[in-house]
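Trainee: no sequence on this one, just coordinates:
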Ligand code: HEC
Ligand code: HEC
């Protein structure tokens with residue numbers, strides 16, 4: 001931990017005059033093959049703000065009954081998801097309705113939540129914080145906590161004075177989230193030139209994944225294997241959770257959900273927005289591949305690219321093997337992100 005702190009200090013020299021600061025080097029997996037980290041000009045990353053955000057991310061006292069922190073449903077040890085829970089419990093044991101997504105590389109997402117109802121991490125954090133089934137925050141009590149001696153030092157370090165506001169609280173949490181960058185899977189090593197990083201069958205799976213036969217990469221593309229767009233992949237005959245429709249009220253958006261990242265997907269089962277399909281729990285990558293192989297359930301808005309694939313057993317194994325090679329387990333233990 002010593003060298004970690006030293007690095008932050010060294011790298012922060014000159015931070016003040018930069019609007020958008022590079023992520024400090026303590027985060028060892030900053031990918032060389034990624035675009036620059038998107039950071040809003042009014043909330044530059046500073047080490048002190050990221051540190052405060054981290055404390056807040058693990059702070060159960062932000063919730064109305066003191067039971068629930070962001071980290072209760074986004075566990076670092078589960079790649080910041082709530083695996084193996086299909087849905088999560090918030091304050092008072094309230095059950096949510098959707099599967100908690102991973103937060104790795106979330107800074108790169110242009111749309112947030114399965115239905116895209118938030119577009120900035122600052123707004124997203126506020127909505128989790130206020131949601132009656134998540135943290136149900138009592139803003140007066142939270143403000144008192146953040147003004148108390150417990151937070152005073154960290155607050156001043158992050159913002160320069162003691163003015164506690166909702167906006168700053170969300171800026172700090174969002175800053176912490178932006179630091180969760182991951183690109184250290186065997187697939188990344190392969191992309192960066194280590195031809196031995198993937199096994200034979202994983203390479204077969206990779207070729208199939210990126211082929212026009214499987215069409216996987218027509219939606220799961222870019223560095224995080226997502227186009228950040230909404231599609232229906234034929235999971236249900238009838239969508240009780242109407243997905244994107246809830247945001248746009250357009251019939252063509254009924255049953256559409258955001259393409260999820262596939263990074264660390266082997267660690268975040270069960271799968272899909274509600275963790276299940278017509279056929280039951282989506283608990284393994286094999287279940288997911290079987291779903292695509294069969295072409296999904298008939299539904300008017302189903303994307304044409306989801307159609308029977310006639311994969312051989314070997315091809316199914318290869319696709320699963322490839323997705324397992326997207327695991328970066330350094331995320332789970334990085335001192336920058338785990339509970340202090
Ligand atoms: C009770 C469990 C729970 C708590 C507590 C919780 N989340 Fe979530 N989070 C979820 C679920 C479930 C979703 C997906 C909800 C949806 O799409 O409608 C989600 C979605 C997100 C997303 C969107 C990710 C994406 O790719 O779209 C972000 C970011 C996020 N949460 C951050 C946070 C932060 C920050 C906090 C604390 C302020 C927090 N969450 C608290 C369960 C939780
Ligand atoms: C038309 C766009 C599209 C295509 C083609 C597509 N996907 Fe998806 N994928 C999605 C969307 C959207 C979801 C989320 C659906 C939902 O929850 O309703 C998803 C979910 C997944 C998940 C679950 C991830 C998680 O965290 O829950 C996996 C794994 C997956 N897809 C793999 C694949 C593979 C492998 C292929 C090719 C055989 C493929 N996808 C083809 C759009 C697509």
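Mentor: Alright, I've got the coordinates. Owing to the predicted nature of the structure, the values given are computational and were not obtained by experimental measurement. Ligands and ions are numbered 1, 2, ... in the order given.

Trainee: CA only for contacts and neighbour counts going forward, please
Mentor: Noted.

Trainee: how about residue 202: what's its closest non-neighbour residue?
Mentor: Beyond its immediate neighbours in the sequence, the residue positioned closest to residue 202 (Cα to Cα, 6 or more residues apart in numbering) is residue 322, lying 4.5 Å away.

Trainee: quick check: buried residues in the helix or strand hosting that neighbour?
Mentor: Under the criterion of DSSP states H and E, residue 322 resides in helix 313-324. Using 16 or more other Cα atoms under 10 Å as the test for burial, helix 313-324 gives 315, 316, 317, 318, 319, 320, 321, 322, 323, 324.

Trainee: contact partners for the residue nearest to residue 202?
Mentor: 201, 202, 203, 204, 205, 206 (Cα atoms under 8 Å, 6 or more residues apart in numbering).

Trainee: in CSV: the residues you listed, plus secondary structure and distance to ligand 1.
Mentor: Formatted as CSV, the contacts of residue 322 follow (DSSP: H, G, I helix; E, B strand; the rest coil; distance: Cα to the nearest ligand atom, whole Å):
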residue, secondary structure, distance to ligand 1
201, helix, 29
202, helix, 26
203, helix, 27
204, helix, 28
205, helix, 25
206, helix, 23
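
Trainee: out of those residues, who's the most crowded?
Mentor: Neighbour counts for the contacts of residue 322, by other Cα atoms under 10 Å, peak at residue 205, which reaches 23 neighbours.

Trainee: so what's the backbone phi/psi at the residue sitting nearest the centre point of the chain?
Mentor: The residue lying closest to the centre of the chain (Cα atoms, centre = their mean) is residue 103, at 2.4 Å. Reported as degrees, to the nearest 10, the phi and psi values for residue 103 are phi -110, psi 10.

Trainee: enumerate every residue touching it.
Mentor: By Cα under 8 Å, 6+ apart, the residues touching residue 103 are 74, 79, 80, 81, 177, 180.

Trainee: please apply the same query to residue 49.
Mentor: 157, 158, 159, 172, 175, 176.

Trainee: which residue does the stretch 101-250 of the chain bring closest to ligand 2?
Mentor: Per Cα to the nearest ligand atom, residue 216 is where the stretch 101-250 of the chain lies closest to ligand 2, at 3.3 Å.

Trainee: contacting residues for that residue?
Mentor: 209, 210.

Trainee: check which helix or strand covers the residue of the stretch 151-300 of the chain found nearest ligand 1.
Mentor: Of all residues in the stretch 151-300 of the chain, residue 173 sits closest to ligand 1, with a separation of 5.9 Å (Cα to the nearest ligand atom). Using DSSP H and E, residue 173 sits within helix 166-178.

Trainee: kindly report the same for residue 183.
Mentor: Using DSSP H and E, residue 183 is not contained in any helix or strand.

Trainee: got the phi and psi for it?
Mentor: phi -160, psi 50.

Trainee: and what of residue 232?
Mentor: Residue torsions, per degrees, to the nearest 10, at residue 232 are phi -110, psi 130.

Trainee: could you find the closest non-adjacent residue to it?
Mentor: residue 256 (4.4 Å).

Trainee: check the spacing between that neighbour and ligand 2 real quick.
Mentor: 6 Å (Cα to the nearest ligand atom, to the nearest Å).

Trainee: separation between that residue and residue 332?
Mentor: With distances taken as Cα to Cα, to the nearest Å, residue 256 is found 31 Å from residue 332.
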